[in-house]
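**Student:** what follows is a predicted structure for the sequence shown.
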Amino acid sequence: MKALKYRELDVAELERQQQDTQDQLFRLRFQIGMGQAEGLKKYRGLRKDRARLLTILSEKKSQGETAVQVAAVKTADDKKKSKKSK
């Protein structure tokens, strides 16, 4: 899946996708270890997809935390201003 499609998803959906990808990677590693090397190309693709997911997930989480922190600061500033004006 391309990064643009991942960016459209919310955090909960991205976490679910990441867990599914992790499970698929586990199964493919097991198959490759048993000598079934037909999944090597898919394994490499899944690793890249997982990296995209984790990158976008961390971006979204950091943006969400920043937005919450900014809102809290604005609220605190508004309270201070309203007390001074009284």
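**Tutor:** All right, it came through fine. Numbering: from 1, shown residues only.
**Student:** what distance do you get for the residue nearest to I56 when sequence neighbours are not counted to G35?
**Tutor:** Distances taken as Cβ to Cβ, 6 or more residues apart in numbering put Y6 closest to I56, at 4.8 Å, once the chain neighbours are dropped. Any C-beta I mention is one placed from the backbone N, CA and C, and that applies to glycine too. Separation of Y6 from G35 (Cβ to Cβ, to the nearest Å): 33 Å.
**Student:** more neighbours, those two?
**Tutor:** Y6 (19 against 6; other Cβ atoms under 10 Å).
**Student:** so which helix or strand takes in that one?
**Tutor:** According to DSSP states H and E, Y6 maps onto helix 3-7.
**Student:** what mean pLDDT does that helix get?
**Tutor:** Mean pLDDT, computed over helix 3-7, is 85.
**Student:** next SSE downstream of it?
**Tutor:** Following helix 3-7 in sequence, per DSSP H and E, is helix 11-33.
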